[in-house]
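Undergrad: here's my sequence, what's the structure:
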Amino acid sequence: MGNYVVSARKYRPDTFASVVGQGHVTQTLKSAILMDQLAHAFLFSGPRGVGKTTCARILAKAINCESLQEDGEPCNTCEACRSFNEGKSIVIHELDAASNNSVDDIRNLIEQTRYVPANGRRSVYIIDEVHMLSQAAFNAFLKTLEEPPAHVLFILATTEKHKILPTILSRCQKFDFRRIRVNDIAQHLAHIAEQEEIEAEFAALQQIALKADGALRDALSLFDQLASTTEGALTFAQVLENLNILDYDYYFRALDLVRTRDHSGLLLLLDEIIAKGFEAKDVIVGLTEHIRNLLVCQDPQTLKLLETSEQVRERYATQSQQLSASFLLNAFHLCSEAEQKSRHASHPRLVVELVLIKLAHLETAIRTASLPPAETAKGEKKKP
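TA: The predicted structure follows:
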């Protein structure tokens, strides 16, 4: 067995500057360190895999760094930094509250805070998934969190801030971590691909980033999974196939068929998609999102909200100008209803087929509804 290390660990940031997509947090933390205005307790909250624990570790390392850089970054060369990087630090402690959530665990932690570290260093306690602590553990923690010893600093991290007691929240300086933007994740993956000597299409990396939904750790896991199935090259087609993602080209084709009122073509396209192994209910979810993207692209000012490649963005912009806003709004409403129905239907394909037929004749229905009552009645009389 080799010494393979997953990318999430191998390329884990060790400075604030290398943290992806959280500049609003890292800049504030560096300023607080340089001005020596650190709070005694921090709360890092946000979605999974966006850098909360990573930033907590870098902050803990910077606080105890013996040769802090002028910009507030840890040097990573002094004894304190090296001992932390090697997992041997005796002043930085991590507790996983998911598995250590009892009142006894917190009492043991409080007991540890009484010991003053040597060389004037500060003891930093990182409590991950802090929302998992029991009610009794929270209560036991309150007094120490409010007035900890001068040498102690707490960093709490959570994905579910709303589950934490208000009395805990009021004692912490709070930082909200954001989902990371698609292009930021894709750029980071491109850097890793270069380091690993993997040829990767940028569109493929963007698709991985989209699938990760703003979580860099998830994106790195997907990247490792896909890199292991390729021979030094990663293409957009491989990503779609391995992650079982439907190519957005199908949705562009679907809207072109809707525009030409070709409901037979739509049914054949759906059959082609299902034959590839996709579920009908997944198709309607993707079609709803596609229509949403077209609505966004109708205004050049909101075009930037679409997180995808420049080439795909141009395709969206072109197709959005071929369809009216009223049509897209009605189409979005129809697809949203069909999406809800397909989740509980015994035959989801029938639900999707029906909405595709409705979409093909939606423009005619909108035009008829906009006619004056007299003209509508005249048209009905002409029918045989």
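Undergrad: the helices in the stretch 151-300 of the chain, which residues?
TA: All helices of the stretch 151-300 of the chain, identified by DSSP state H, counting those that start in this stretch, fall at 166-169, 182-195, 202-212, 216-227, 236-242, 249-259, 263-275, 280-297.
Undergrad: and the host helix or strand of residue 106, average pLDDT?
TA: Assigned by DSSP states H and E, residue 106 falls within helix 103-112. Average pLDDT, helix 103-112: 89.
Undergrad: packing partners of that helix?
TA: strand 92-96, strand 123-128, helix 135-146 (3 or more Cβ pairs under 8 Å, 6 or more residues apart in numbering; DSSP states H and E). From N, CA and C alone the C-beta is placed, and that goes for glycine too.
Undergrad: now what about the longest one, what contacts it?
TA: Looking back up the chat, that one is helix 135-146. For helix 135-146, contacts defined as Cβ atoms under 8 Å, 6 or more residues apart in numbering pick out 41, 101-103, 105-107, 110, 113, 133, 154, 164-165, 167-168, 171-172.
Undergrad: mind doing that once more with 10 Å?
TA: Here helix 135-146 makes contact (Cβ atoms under 10 Å, 6 or more residues apart in numbering) with 40-41, 97, 100-107, 109-110, 113, 125, 127, 130-131, 133-134, 152, 154, 156, 164-165, 167-168, 170-172.
Undergrad: report the buried members of these.
TA: 40-41, 97, 100-101, 103, 105-106, 109-110, 113, 125, 127, 130-131, 133, 152, 154, 156, 164, 168, 171-172 (16 or more other Cβ atoms under 10 Å).
Undergrad: sorry, back to before: pick the most deeply packed of the helices and strands packed on helix 103-112.
TA: Stretch with highest mean neighbour count among the helices and strands packed on helix 103-112: strand 123-128 (a mean of 23; mean count of other Cβ atoms under 10 Å).
Undergrad: show me what that one packs onto, helices and strands only.
TA: Judged by 3 or more Cβ pairs under 10 Å, 6 or more residues apart in numbering; DSSP states H and E, the packing partners of strand 123-128 are strand 41-45, helix 52-64, strand 92-96, helix 103-112, helix 135-146, strand 152-158.
Undergrad: before we move on, back to that, what's the closest of the helices and strands packed on helix 103-112 to residue 45?
TA: Among the helices and strands packed on helix 103-112, strand 123-128 comes nearest to residue 45, with 11.9 Å by Cβ to Cβ.
Undergrad: mean confidence for that closest one?
TA: On average, strand 123-128 scores 91.
Undergrad: in its sheet, what does that strand sit against?
TA: Neighbouring strands of strand 123-128 in its sheet, by DSSP bridges, are strand 92-96 (parallel), strand 152-158 (parallel).
Undergrad: now do the last one: distance to the chain's middle.
TA: Between the centre of strand 152-158 and the centre of its chain there are 23 Å (Cα atoms, centre = their mean, to the nearest Å).
Undergrad: let me know the pLDDT of residue 332.
TA: In this model, residue 332 is scored at 93, pLDDT.
Undergrad: now residue 242: closest residue in space, sequence neighbours ignored.
TA: Spatially, and ignoring its direct neighbours in sequence, residue 242 is nearest to residue 226 (5.6 Å; Cβ to Cβ, 6 or more residues apart in numbering).
Undergrad: ok, the one you found touching residue 245?
TA: No - the pair residue 226 / residue 245 is not scored as a contact, 11.6 Å apart, by Cβ atoms under 10 Å.
Undergrad: give me the common contacts of the two.
TA: 207-208, 239.
Undergrad: how about the contacts made by residue 29?
TA: By Cβ under 10 Å, 6+ apart, the contact set of residue 29 is 16, 19, 22, 38, 42, 44, 55-56, 58-59, 62-63, 72, 173, 175.
Undergrad: try 7 Å
TA: Applying Cβ atoms under 7 Å, 6 or more residues apart in numbering, we find residue 29 in contact with 16, 59.
Undergrad: how much space separates it from residue 44?
TA: Distance from residue 29 to residue 44, counting by Cβ to Cβ, to the nearest Å: 10 Å.
Undergrad: ok, residue 123 next?
TA: Residue 123 is 18 Å from residue 44, by Cβ to Cβ.
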